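Engineer: sequence first, predicted model second:
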Amino acid sequence: MKVSLTAALLAVFCTFAVAARADEQAKNMGPLTPSETKFVASVRADLLARFPHVDDALKAGYVRYTSADDTGAISYANQQWNSDPTHPSQLWYDKDGNLMGADFSVPRPNAEPRPQLWGIDPGRWYEFNGHVHYVVKDPTSGSMMYDQWIWNSDFVAAGGSLTKPSAETVVKIGKVPSANYIATIFEFPTIWDLIVWVKPHAAGAFHW
């Protein structure tokens, strides 16, 4: 989902948004073309019908992994990274559980070029670099800590598996005292990502 625009912010904000947008940025922030307008309208109608509330996303297997960002969006991922127009890899909701937007993704394991899909200008896509996300749950208080991540290379160097990332590796790296602090863990692979706002957004449907 949403990501910071400069690598410099990586050192300041330890969040998914920062980790993800460290390399290839979107190159087209201009007005939508007719084919893009059609795509956004189709996505908006479809997702609002199927996933209007966060409960709908949870029932479909999406899992929360972020706090609210500076737009108020809270992200949920389904760990299915090869999207089509009706299957976004991420959905985001406001604090009241209302749908705000979605991310559509295409894996980029071997530096594949920007996707040419669905009538979308390739310059709309962002690259998200591979990392492992985890959510911490305090076993005593039950409080949750989101926006936690480890670069794939660091995770593997510690003996972790990207196909089946385990809480034990997070413990080994020293992020939590024991495995029972980890409520959610998954790899977020290197992908091309398309941001699509479902609710009206002044900066544009593809612009964070």
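Structural biologist: Nice, thanks for sending it over. Numbering: from 1, shown residues only.

Engineer: C-alpha only now, for contacts and for neighbours.
Structural biologist: OK.

Engineer: distance from the chain centre to stretch 124-139, please.
Structural biologist: 7 Å (C-alpha atoms, centre = their mean, to the nearest Å).

Engineer: can you spell out the domain ranges of the chain, please?
Structural biologist: Listed domain ranges for the chain are 26-127+191-197, 131-187 (source: automatic domain parsing).

Engineer: okay, strands next: where are they in the chain?
Structural biologist: Under the criterion DSSP state E, the chain carries strands at the ranges 63-64, 74-77, 90-93, 99-107, 126-128, 131-137, 144-151, 182-188, 191-197.

Engineer: each with direction, which strands does the shortest one pair with?
Structural biologist: Strands adjacent to strand 63-64 in the sheet, as given by DSSP bridges, are strand 74-77 (antiparallel).

Engineer: what mean pLDDT does the partner strand have?
Structural biologist: For strand 74-77, mean pLDDT rounds to 98.

Engineer: who's in contact with Lys137?
Structural biologist: Ser143, Met144, Met145, Tyr181, Ile182, Ala183 (C-alpha atoms under 8 Å, 6 or more residues apart in numbering).

Engineer: one step back: in CSV, list the domains of the chain along with distance to Gly204.
Structural biologist: CSV is the format used below for those (distance: least, C-alpha to C-alpha, whole Å):
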stretch, distance to Gly204
domain 26-127+191-197, 8
domain 131-187, 25
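
Engineer: what's the closest non-adjacent residue to Asp138?
Structural biologist: Tyr181 (5.7 Å; C-alpha to C-alpha, 6 or more residues apart in numbering).
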